[in-house]
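A.B. asks: Sequence unavailable; structure follows:
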């Protein structure tokens, strides 16, 4: 049914919207199996049909399938050789289709509400190229070379597809909104790779008005894929300019009618707090003032600050493996600790119980440094900790039976357990953030240029290291083909290709991810 859409018939919107949840549940269930092997492959064929034919109707579901399930599976050490090959073939099909790549990039990587897809696909393929997958009784050296070759082929297909698609979209002109997003995305490349100071310099050259506190705060909040670590570093200095931007940054959040821990979770997953306790106190103090103002002075100023700081301490005690377990507070101790702290009055008991239970169940953490910040619904009771490592009981077969299992069988059991956890997390993510997103059909040569800027640093690192370690003629030919495509695209977008032209002759390794956007 899904494969037929787009060939002879346009997909009926009402039908797709009604069956997508059931289709996704069925897919996730069948991706968690190892027998029969064909079931996994057929499931991936259905995923391919969704990506190619229904990406405009199932944008969020396809994004979660790729980012939260399939790409982690490809990186997983317990994924079998045949499963990895099937996953690589799927990614290669996506990379060969610019009519799929560009909409995925525009509607995901360029949307600050969505998880970036295309850049993560490239990063995963590069990771497969650079990783030694050899493992006794599991992946042979020959199979490892085949995996490297398939991933390298997919990267070459990526460069070839966007390069050959330039004439097709050369006359298309994206909207001003999309062009502005392209500028922010290029600034993000510098911000993430060279630090916030270099990022600010590029913003100033792009548009000096972007350095005004309101505009800069909006950039930090909405630029797709911006490093949360670098945002935290920017907020760390005790300077009025940085604090002013932080206040405008806080103004972009909506805390009204939210519990204190839910609001704090939303803020603290938007950047990584860097520095000592004084920095944390300064940032939390501004948050407490903002929260109290929006919630009709629910607490006293000292009370809301005290409780906010206590939530951070509780989160550390509960979930930091280096924290002393003897110091961990029970629920009753947490309540008694806050007696008289709200301006001489006690906090509401059910409020403290709810905060304690939610923090105990789900850690306040950043799963990925470039994941988007989405409004928390507050309904996190049933959600597991995203990307939490599976427990030993889930990972391992029963102790009394483990001695009778072969290495391959133990790997399969662990794959099934971890795959089920990935799928459960994906469903929880969908339930928490199941927003309806608009799909933009816009394309344009500027989109290809920005996509090349995003992907090339990762690909260049893989090509350098592969070229320096490979001796097989087919692998060297693939590397040179990728360099040729990269050079041609760079020439079109006025990239200084001197470095590229001499790259094979010099045979020197580049620092991972180093890329100077100023050459554009």
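C.D. replies: It's in. The shown structure was predicted, so the numbers you read here are calculated from the model rather than taken from an experiment.

A.B. asks: Flag the shaky bits of the stretch 251-400 of the chain, pLDDT-wise.
C.D. replies: When residues are selected by pLDDT under 70, those of the stretch 251-400 of the chain lie in 325-326, 367-400.

A.B. asks: now the helices: where do they sit in it?
C.D. replies: Counting by DSSP state H, counting those that start in this stretch, the stretch 251-400 of the chain has helices at residues 260-268, 277-294, 301-319, 331-337, 349-361, 392-395, 399-402.

A.B. asks: what's the most buried one of the ones you listed?
C.D. replies: helix 260-268 (a mean of 23; mean count of other CB atoms under 10 Å). The way it works is simple: take the backbone N, C-alpha and C, and place the C-beta from them, glycine included.

A.B. asks: and that one, what does it pack onto?
C.D. replies: Helices and strands touching helix 260-268, by 3 or more CB pairs under 8 Å, 6 or more residues apart in numbering; DSSP states H and E, are helix 277-294, helix 301-319, helix 349-361.

A.B. asks: so the shortest one versus helix 301-319, what angle?
C.D. replies: Between helix 349-361 and helix 301-319, the angle formed by their directions is 30 degrees, by axes from the mean of the first three to the mean of the last three CA atoms, to 10 degrees.

A.B. asks: for helix 349-361, packing partners?
C.D. replies: Using 3+ CB pairs under 8 Å, 6+ apart: helix 349-361 touches helix 260-268, helix 301-319, helix 331-337.

A.B. asks: Just put the helices of the stretch 251-400 of the chain in TSV and tack on distance to residue 132.
C.D. replies: Conversion of these to TSV gives the following (distance: least, CB to CB, whole Å):
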stretch	distance to residue 132
helix 260-268	36
helix 277-294	40
helix 301-319	32
helix 331-337	47
helix 349-361	38
helix 392-395	23
helix 399-402	26
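
A.B. asks: Identify whichever of those lies nearest to residue 215.
C.D. replies: Closest to residue 215 of the helices of the stretch 251-400 of the chain is helix 277-294 (CB to CB; 19.2 Å).

A.B. asks: and the angle from the closest one to helix 260-268?
C.D. replies: Put simply, helix 277-294 runs at 120 degrees to helix 260-268, going by the same axes, to 10 degrees.

A.B. asks: what comes into contact with helix 277-294?
C.D. replies: The contact list for helix 277-294, computed with CB atoms under 8 Å, 6 or more residues apart in numbering, reads 235-236, 238, 243, 246-247, 250-251, 253-256, 260, 263-264, 267, 273, 298-299, 301, 304-305, 308-309, 312.

A.B. asks: Out of the helices and strands packed on helix 349-361, which gets nearest to residue 141?
C.D. replies: helix 301-319 (39.5 Å).

A.B. asks: Name the residues that touch the closest one?
C.D. replies: Applying CB under 8 Å, 6+ apart, the set of residues contacting helix 301-319 is 260-261, 264, 268, 280-281, 284-285, 287-289, 291-292, 298-299, 323, 327-329, 334, 337-338, 341-343, 345, 347, 355-356, 359-360, 363-365.

A.B. asks: Let me see the ranges of the strands in the protein.
C.D. replies: For the chain, applying DSSP state E gives no strands.

A.B. asks: can you tell me how far the residue of it positioned farthest from its centre sits from residue 284?
C.D. replies: The centre of the chain is farthest from one residue, residue 344, which by CA atoms, centre = their mean lies 43.8 Å away. To residue 284, residue 344 is 21 Å away according to CB to CB, to the nearest Å.

A.B. asks: before we move on, back to that, any chance of the helices and strands packed on helix 349-361 in CSV, with distance to residue 119 too?
C.D. replies: What follows is these, written out as CSV (distance: least, CB to CB, whole Å):
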stretch, distance to residue 119
helix 260-268, 24
helix 301-319, 28
helix 331-337, 41
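
A.B. asks: Relative to residue 164, which of those helices is closest?
C.D. replies: With CB to CB as the criterion, residue 164 lies closest to helix 260-268 of these, at 42.8 Å.

A.B. asks: Could you tell me how far that closest one lies from the centre of the chain?
C.D. replies: With CA atoms, centre = their mean, to the nearest Å as the basis, helix 260-268 stands 20 Å off its chain's centre.

A.B. asks: looking at it, residue 488 is touching residue 160, isn't it?
C.D. replies: No - contact criterion CB atoms under 8 Å: residue 488 and residue 160 do not qualify, at 9.7 Å.

A.B. asks: between the two, which one's more packed in?
C.D. replies: residue 160 (19 against 16; other CB atoms under 10 Å).

A.B. asks: Give me the number of neighbouring residues for residue 321.
C.D. replies: Residue 321 is flanked by 5 other residues according to other CB under 10 Å.

A.B. asks: same check, this time on residue 427
C.D. replies: Residue 427, neighbours per other CB under 10 Å, totals 18.

A.B. asks: Now do the contacts for it.
C.D. replies: Going by CB under 8 Å, 6+ apart, residue 427 touches 24-25, 28.

A.B. asks: next one: stretch 138-153 to chain centre, how far?
C.D. replies: Distance, stretch centre to chain centre, for stretch 138-153: 25 Å (CA atoms, centre = their mean).

A.B. asks: same deal with stretch 313-333?
C.D. replies: 28 Å.

A.B. asks: now stretch 254-272
C.D. replies: Offset of stretch 254-272 from its chain centre (CA atoms, centre = their mean): 20 Å.

A.B. asks: which residues touch that stretch?
C.D. replies: Taking CB under 8 Å, 6+ apart as the rule, stretch 254-272 contacts 220-221, 228-229, 231-232, 235, 250, 253, 287, 290-291, 294-295, 304, 307-308, 311-312, 351, 354-355, 358-359, 364-366, 369, 373, 375-376, 378, 380.

A.B. asks: which stretches of this structure have low pLDDT?
C.D. replies: Residue ranges of the chain with pLDDT under 70: 5-11, 34, 173-174, 177, 325-326, 367-405, 432-438, 442, 470-471, 494-520.

A.B. asks: Please repeat the previous calculation with a cut-off of 50.
C.D. replies: Along the chain, the parts satisfying pLDDT under 50 run over 374-404, 497-520.

A.B. asks: I'd like the distance between residue 77 and residue 134.
C.D. replies: Counting by CB to CB - residue 77 and residue 134 are separated by 11 Å.
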